[in-house]
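>>> please work out how this folds:
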Amino acid sequence: MSSESHEGMPAISVLVPIYNVERYLAECLDSLLAQTFGNFEAILINDGSTDGSRDIIQRYLDADPRFRVIDKPNSGYGASMNRGLDEARGTYVGILESDDVFEPNALQVLYDAIVAAEADAAKANFYLYWSVPEVRLEPFELVSPQMAGRVTCPATDPDRSIFYAKPSIWSALYRRAFLERHGIRFLETPGASFQDTSFSFKVWAQAERACYLDAFVLKYRQDNEASSVNSPGKVYCVCDEYAEMSHLLDEDPSLDQQLRGVLCRMKFDSYMWNAGRLVPELRDEFLVRAREELRRDREAGYLDRKLFGWYKWTDLQALLDRPARFREAFATYGSDDPKVMLRHYRTLGGPGLGMQLMMRLAVRRLRG
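Take a look at the predicted model:
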């Protein structure tokens, strides 16, 4: 597939947000140099780094004219990404986090797919990546075999799995004109907390054509997780993201009808994941906020039992109606171990709920 760009502009703008990541940055930027697809610009957004990141950036600026830098005072991930979007010149936009690593054919594979499908967005798989104590890769199959090769409108597609998948905005390409037409940007909340969540939802909610690839195009680093579990200022950032997504649906009755229930299921999943990362005192505060929001969703008639399944729906009802029991059982939430699950659901609802679980597990075993 040709990599020609319009009027001499690059075909792809790759945004690389950078903040104090000197340990991993060279490996990240080397993976851009190694791309088999050459017609790209790399926009390195230096968010006020105070370590050696800026010196590393300069080496690439000096060596390759495709690399350029935006130096800015520290203002957080969302503000950095929006500056990058403002500066992008490519027909398509890609994102590479500064501690992650592209596979050599990543841009070529994504570009070929999005052009062939005439799509607004192309989405691929990635690897979970550990570099210490030794290199380890674990495939993360976000695009299932059933999704691979399909071109769909996600908002109207009966398969809503892309909405429930990890946002992972960096194993994808986006048509820049599509992002600009719909005003798809990042929330400029402090630090780097969940800003990919609403961006991803806005893409899938508004894309008329999206294509999915089963290729693995990126190594997503796991040994540089900057945890915010002890940061009270970041506890509710995920709630800001869901308020932004809700606002999108409020403004578009058609999308609201198609996706409001989906958004509520997404919210429950995200809030439970976030709660699991928090220290106990912050977790209890956050669960109160989660319960308040989800109770309002129930009162508005937004919760759709069919979208949750028995397990999630049972936990959701416990959170809403038996919050003390839910907090008591939270340590075992989401386990796949049958013994742990039995303890969890007995805590939520007593022996009767435990018996329902046993019957479901028995049916699951019979079905193989």
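>>> and the helix or strand harbouring residue 318, what other elements does it pack with?
Here residue 318 sits within helix 309-321, counting by DSSP states H and E. Helix 309-321 sits against helix 253-277, helix 280-299, helix 323-329, helix 338-366, with contacts defined as 3 or more C-beta pairs under 8 Å, 6 or more residues apart in numbering; DSSP states H and E. For every residue, glycine as well, the C-beta is placed using N, CA and C.
>>> quick check: buried residues in that helix?
312-320 (16 or more other C-beta atoms under 10 Å).
>>> what lies in contact with it?
By C-beta atoms under 8 Å, 6 or more residues apart in numbering, the residues outside helix 309-321 that reach it are 265, 268-269, 272, 287, 290-291, 294-295, 298, 303, 305, 308, 325-326, 329, 333, 345, 348-349, 353, 356, 360.
>>> can you select the buried ones among the residues you listed for me in ChimeraX?
Selection of the buried residues among those in ChimeraX, burial being defined by 16+ other C-beta under 10 Å:
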select :265,268,272,287,290,291,294,303,308,326,329,333,345,348,349,353
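>>> sorry, back to before: quick check: angle from the helix holding residue 318 to helix 280-299?
Angular relation of helix 309-321 and helix 280-299 on a 0 to 180 degree scale: 100 degrees, by axes from the mean of the first three to the mean of the last three C-alpha atoms, to 10 degrees.
>>> kindly export helix 309-321 (C-alpha atoms) in PDB.
Extracted in PDB, the C-alpha atoms of helix 309-321 (Å, rounded to 0.1, in the frame of the first residue of the first chain):
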ATOM      1  CA  GLY A 309     -24.400 -10.900  33.000                       C
ATOM      2  CA  TRP A 310     -25.200 -12.700  36.300                       C
ATOM      3  CA  TYR A 311     -21.900 -12.100  38.100                       C
ATOM      4  CA  LYS A 312     -21.500  -8.400  37.400                       C
ATOM      5  CA  TRP A 313     -25.200  -7.700  37.900                       C
ATOM      6  CA  THR A 314     -25.200  -9.500  41.300                       C
ATOM      7  CA  ASP A 315     -22.200  -7.400  42.400                       C
ATOM      8  CA  LEU A 316     -23.800  -4.200  41.100                       C
ATOM      9  CA  GLN A 317     -27.000  -4.900  43.000                       C
ATOM     10  CA  ALA A 318     -25.000  -5.600  46.200                       C
ATOM     11  CA  LEU A 319     -23.100  -2.300  45.800                       C
ATOM     12  CA  LEU A 320     -26.400  -0.400  45.400                       C
ATOM     13  CA  ASP A 321     -28.500  -2.100  48.000                       C
END
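>>> just the angle between it and helix 253-277, please?
80 degrees.
>>> next, the angle from helix 309-321 to helix 338-366.
140 degrees.
>>> now the helices for this protein?
25-33, 53-63, 77-87, 106-117, 161-164, 176-182, 195-206, 237-251, 253-277, 280-299, 309-321, 323-329, 338-366 (DSSP state H).
>>> got the buried residues for the second one?
Of all the residues in helix 53-63, those buried under the rule 16+ other C-beta under 10 Å are 53-54, 56-57, 60.
>>> quick one on the thing from earlier: could you tell me the least trusted of the helices and strands packed on helix 309-321?
Out of the helices and strands packed on helix 309-321, helix 338-366 stands lowest, with a mean of 93 (criterion: mean pLDDT).
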